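**Student:** Sharing a model prediction with you, sequence too.
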Amino acid sequence: MFAIYMQKYSNLMDRSLEDEQTNYEFILGQLLLIANFLNYGDKIGRQQMFTLLRKCFVIFFKRIFIY
């Protein structure tokens with residue numbers, strides 16, 4: 001369930017305008033802080049979170065190097 005929120009705000013940040021991206025960056029940052037305390041004992045949840053983190057990093061680095 002948590003990964004759904006991460007994916008939702010990651011997608012919104014990717015498609016939003018520059019002034020809205022700051023809001024989504026803050027939300028994603030807070031979700032990442034929460035993710036630090038989650039239990040990743042099951043393989044599927046762990047893989048899903050790693051996939052989302054990779055996607056977030058790609059979006060982040062695109063913004064840094066392209067803009």
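**Tutor:** Arrived safely, thanks for sending.

**Student:** so where is this protein shaky, pLDDT-wise?
**Tutor:** By pLDDT under 70, the low-scoring segments of the chain are 1, 66-67.

**Student:** in which helix or strand would I find Gly29?
**Tutor:** Secondary structure assignment for Gly29, by DSSP states H and E: helix 18-35.

**Student:** which helices and strands does the next helix or strand after that helix pack with?
**Tutor:** Next helix or strand after helix 18-35 toward the C-terminus (DSSP H and E): helix 43-66. Helix 43-66 sits against helix 2-15, helix 18-35, with contacts defined as 3 or more Cβ pairs under 8 Å, 6 or more residues apart in numbering; DSSP states H and E. No exception for glycine: its C-beta is placed from N, CA and C like everyone else's.

**Student:** List the buried residues for helix 43-66?
**Tutor:** Neighbour-count burial for helix 43-66 flags 48-49, 52, 56, 59 (criterion: 16 or more other Cβ atoms under 10 Å).

**Student:** Distance from the chain centre to it, please.
**Tutor:** Centre-to-centre, helix 43-66 and its host chain are 6 Å apart (Cα atoms, centre = their mean, to the nearest Å).
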